[in-house]
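**Q** Below are the sequence and a predicted model; questions follow.
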Amino acid sequence: MSQVMSSDTMTISKIEEESWVDVTHITQNQGLILTGFKLQIIRLRLQLRLLWTILKTYPSPLDWMGAFRYMMKLRKEILGGKKIKKAAMINGLIRMGIYTPPWFSSGFNQFIQAQLYDYKQSSHSVNRFTMIFMAITNKCAMKCDHCYHWDELNNPNELSNRELVAMIKTIQKQGVGHIQLSGGEPLMRMDAIEEILQQCGKESEFWLATSGVGLTIDKANHLKSLGLVGVIISLDHFEEAEHNQFRHHPKAFQWVKRAILNADKAGLIVAISSCLTEAMTKDDSISGLMDLVRSWGVNYVQWLEPMDAGHYKGQEVILPPTKIKKIEEWYLRYNFHPEYKEYPIVMYPGYHQRRMGCMFSGKKSVYITANGHVQACPFCQDDFGKFDVEAPENLWNRMKAKGCVRFINGQDSSTFRLV
Ligand code: SF4
């Protein structure tokens, strides 16, 4: 058994006995935010690449124009009619977010092909999914206020490593660019992550969604050596006491900092994911969060809205339209206003869902629980069936037929409540 695997058997409390690192400006390897003229040149190269891909994909000049217009319309919907103003270059690779592969990579070509396929089918094979979210364990040391996994937390009913690998291989045969391993706390099942990366790591990009608890430097180095691309670390408040209270864990904030430091040292890309509760939607809270993440040198931040699922089920947590409007204004400000050009890139799925509809529900993505049940997304928890019991295509089709219950044709249903 490797040293890392044996360290995995350490309990969280033992890990916590290690001395804490005092970290202020944390990262060294998270790269640069590209803006201005440099980015304009890269954007031009990207458009030429897109044109070239279109020419190679469709024989008819009529489709060349149609496909180009379709992609421009898609870009406008995604970016709110604006041009890309920021991208981050990390380890020589450029990304505008964590859910699309690096620009000019073969993965990015596949991503473009999959979008073109929605315009008009071609003879090129395309990925069935842009991304898959997959819980690999129910174990977790925390008790977060917003946990969508609450009903299953620490339930021992989980797929074996062999079953997880078989399931991922089946999905990879259909094509998937990004696989996000979550939980529970995925780091509490290091052996499963190792086996998944060893056996499936080359076909898709793998990321971990983690609270950060347990991401020691040994684990970070080991995961990087097995091909993990990055970690999405949850941070729900810029003040230590508030974050710890939200997560019901006295060292939660310390672990966020340590996990960022260790991931960065190992060469993993770091993104921060924040749940924007009503309290977090005050101006000074959001700017506090963004200032802190910027000071740490992390280049991607994801904003998620609270949903009445799991631990929040039955609570009035869904943000009112006035708050959504404010978040959308901040999203545009941080991503497109020149004054904010040095701030991290914000990824805010709610912005796109309210314009393009939801990409989950079997359309471009699904969520799979730690015991192999398929759901539309982590928050919409209707069970569409178990992966190894039915042909996956039946599960996807059933889900697609129902569609997203909240974002219908890009409109946020005001009557929405999770059941
Ligand atoms: S939200 Fe994540 S870290 Fe928090 S209790 Fe749930 S699974 Fe654990």
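**A** That came through fine.
**Q** so what's the closest residue to the ligand within the stretch 201-350 of the chain scoring on pLDDT?
**A** Distances between the stretch 201-350 of the chain and the ligand by CB to the nearest ligand atom are smallest at Ser211, namely 4.0 Å. Backbone N, C-alpha and C define where each C-beta goes, glycine included. Looking at Ser211, its pLDDT reads 97.
**Q** So that it lines up with my notes, have the first residue be 24 from now on.
**A** Yes, from this point I'll number from 24; that puts the last item at Ser234.
**Q** Can you get me a residue count around the closest residue to it other than its chain neighbours?
**A** Distances taken as CB to CB, 6 or more residues apart in numbering place Ser257 nearest to Ser234, at 5.3 Å, with adjacent residues excluded. Per other CB atoms under 10 Å, the neighbour tally for Ser257 reads 24.
**Q** got the phi/psi numbers for Ser257?
**A** phi -80, psi 130 (degrees, to the nearest 10).
**Q** can you pull the contacts of it?
**A** Neighbour list for Ser257: 167, 232-235, 270, 279, 295-298 [criterion: CB atoms under 8 Å, 6 or more residues apart in numbering].
**Q** And the strands in the chain?
**A** For the chain, the strands defined by DSSP state E cover 55-57, 110-113, 116-118, 152-158, 199-205, 228-233, 253-257, 292-298, 323-327, 368-370, 388-391, 397-398, 430-431, 434-435.
**Q** Of these, which is nearest Gly89?
**A** Closest approach to Gly89 among those (CB to CB): strand 152-158, 22.0 Å.
**Q** That closest one pairs with which strands?
**A** Strand 152-158 sits in its sheet next to strand 199-205 (parallel), strand 388-391 (parallel), going by DSSP bridges.
**Q** quick check, that strand touching the ligand?
**A** No. On the criterion CB under 6 Å from any ligand atom, strand 152-158 is out of touch with the ligand, staying 8.4 Å away.
**Q** Just checking the distance from that strand to the centre of its chain.
**A** Here strand 152-158 is found 9 Å from its chain centre; the criterion is CA atoms, centre = their mean, to the nearest Å.
**Q** average model confidence for it?
**A** 95.
**Q** what does stretch 132-140 give?
**A** Averaged across stretch 132-140, the pLDDT comes to 91.
**Q** got a list of contacts for that stretch?
**A** Contacts for stretch 132-140 (CB under 8 Å, 6+ apart): 73, 76-77, 80, 90, 93-94, 97, 123-124, 145, 147, 149-150, 153, 198, 200, 387.
**Q** Format the strands of the chain as CSV; extra columns: distance to Glu265.
**A** Below are these laid out as CSV (distance: least, CB to CB, whole Å):
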stretch, distance to Glu265
strand 55-57, 27
strand 110-113, 27
strand 116-118, 30
strand 152-158, 26
strand 199-205, 23
strand 228-233, 20
strand 253-257, 13
strand 292-298, 12
strand 323-327, 17
strand 368-370, 20
strand 388-391, 28
strand 397-398, 30
strand 430-431, 30
strand 434-435, 28
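**Q** Can you tell me which of those has the worst average pLDDT?
**A** strand 434-435 - the lowest mean pLDDT of the strands of the chain, at a mean of 61.
**Q** wait, does stretch 168-185 contact the ligand?
**A** Yes. Counting by CB under 6 Å from any ligand atom, the ligand has neighbours in stretch 168-185: 170, 172.
**Q** hey, what's Ile391 bridged with?
**A** In this entry, Ile391 is beta-bridged to Met157, Val397, by DSSP bridges.
**Q** Isn't it up against Ala399?
**A** No. Applying CB atoms under 8 Å, one finds Ile391 not in contact with Ala399, separated by 11.1 Å.
**Q** hey, which helix or strand in the chain has the poorest pLDDT?
**A** Across the helices and strands of the chain, mean confidence by mean pLDDT, DSSP states H and E is lowest for helix 26-31: a mean of 39.
**Q** For Leu312, find the nearest of the strands of the chain.
**A** Of all the strands of the chain, strand 292-298 comes closest under CB to CB, at 6.0 Å.
**Q** So which elements touch that closest one?
**A** strand 253-257, helix 275-289, strand 323-327 (3 or more CB pairs under 8 Å, 6 or more residues apart in numbering; DSSP states H and E).
**Q** what's the second one in contact with?
**A** What it means is helix 275-289. 43-44, 46, 49-53, 165, 233-240, 242-244, 246-247, 253-254, 256-258, 263, 266-267, 269, 272, 292-293, 319-321.
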